[in-house]
Structures are given as C-alpha cells and as structure tokens.
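> with the input below, show me the fold.
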Amino acid sequence: MSVSEDRTAQPSVQPVAPASGIADPAPLGLAGFALTTFLLSAANANWMTAASGKAFLGYALAYGGLIQLLAGMWEFRNRNVFGATAFGTYGGFWIGLGLWALLVAPGATANQAGHDLGWILLAFAIFNTYMMILSAQVNMAVFGVFLTLEITEIVLFIGNFALNSTIVHIGGYIGVLTALVAWYTSAAGVANGVGGRVRLPVGKPLLV
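Residues are numbered from 1 along each chain as shown. Here you go, the predicted model:
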C-alpha cells in the first residue's frame, strides 16, 4: 500500500520507482476492502434486522474481491510487494468467502458453517499478523487498518468456533471500525494524490 503524504504516490515499502508513472492503486483497493467489510460487519453486528443480511455477497465478489485483486496486480506494476500481497490476498479472501457463502454454506449445518468460518478467519489472522507487523514500516493509517483487522479476525474466529453470537456481534462492531479506518486511509490516498488544498494526514511509520 502506497498511501503517502507526498503529492506523487511512491511505493511505501519498496523504494524502487515505477518504470512509468501510473496512479496509486492503494486508495481503490482500500475503498473496496472498506465497503465490503462494512456491509459484512453491519450484518455481524446485527444491524441489518430488516434486511437479508447478505448485502455484502455481491460486493464480496465484485468490489472487495475483483476490484481489490486488480489493485493488487497494479501494485506489482508499481513494484510494491507489500501492497500487491495485501490487496491480492484480501481480494482473494472476499472472492473465496463469497463462493463459500454461495456454494458451501447453504448445505452446511449451523455448527459446520460456524467452524468453517472459524478456520477461514484463523488462517487469515495468521497471515494478517505478519502483514500488521510489516505495515508498521508504512505509516500509521495503514498500520491502523491492519491492527483493527487483526482484532476483528481474532474476535470473529473465536465467536464462530464457539458458536457464540454475542462474540460475533462484538466482532461486527470492531469490523465496522476497521472499515472506517480503511475508508479514511483510502480518502487520504485520494486527497494526497490529487495534491490540492485538502490533505489528510497518515502519520509516520512506527518502524524505520
């Protein structure tokens, strides 16, 4: 992820300049992640009592999934290994979760579905742990995304393994916070990339 306070977007972890100038794909990837996370987290928090609770599904495949995956591929073009790995992986996460919800969940018992989700979230929490540590070399805003996401995934896999709806609801609230932090970081990338009067701070790296 290459959200920075500079007028020209630069890769955050890899200091090699791109061969040709392309726009920073990080704000788009973060926006896709934020919106899809918000929709699923609102359902987990039990806010969608008058809705189907599956509003996230199409966006898991299209926006959080495909669009975020494309952002990750453009990060490869920017020679940004951190952004490519993060967006590529979480794009795959949303596509995979959408396919699971469509193809597997309808035929699973509540116990099986809960344990499926528990294992999925545990696996991604392991991945997110080292990405969170490495994100401390980027800036505070990006670190905030991975920190809140780490807590969300841990709380949710515990809640799903335990089949405890209260814990899942708590995970939903933390997930909403994660989405808000990701939206802010996306907005900062757009604003700072435009280079106009409106600038949003992202903070310095924790680790240098």
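
> can you list the low-confidence ranges for this protein?
Residue ranges of the chain with pLDDT under 70: 1-20.

> quick one: residues contacting the residue minimising distance to the centre of it.
With distances taken as CA atoms, centre = their mean, residue 33 lies nearest the centre of the chain, 4.2 Å away. Taking CB atoms under 8 Å, 6 or more residues apart in numbering, we find residue 33 in contact with 64, 68, 87, 90, 94, 145, 179, 182. (Each C-beta comes from the backbone N, C-alpha and C, glycine too.)

> where's it relative to residue 84, distance?
Residue 33 sits at a distance of 14 Å from residue 84 (criterion: CB to CB, to the nearest Å).

> by contact count, what packs against the top helix by length along the chain?
Counting residues, the longest helix found in the chain (DSSP state H) is helix 165-194. Contact here means 3 or more CB pairs under 8 Å, 6 or more residues apart in numbering; DSSP states H and E; on that basis helix 165-194 packs against helix 26-44, helix 140-162.

> just put those in a markdown table and tack on distance to residue 186.
Listed next are those as a markdown table, based on distance: least, CB to CB, whole Å:
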| stretch | distance to residue 186 |
| --- | --- |
| helix 26-44 | 4 |
| helix 140-162 | 9 |
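
> out of the ones you listed, which is the most enclosed?
Compared across these, helix 26-44 shows the largest average neighbour count, a mean of 25 (mean count of other CB atoms under 10 Å).

> for stretch 193-208, measure first residue to last.
By CA to CA, to the nearest Å, the extent of stretch 193-208 from end to end equals 23 Å.

> mind listing what's buried in it?
Neighbour-count burial for stretch 193-208 flags 193, 200, 202, 205 (criterion: 16 or more other CB atoms under 10 Å).
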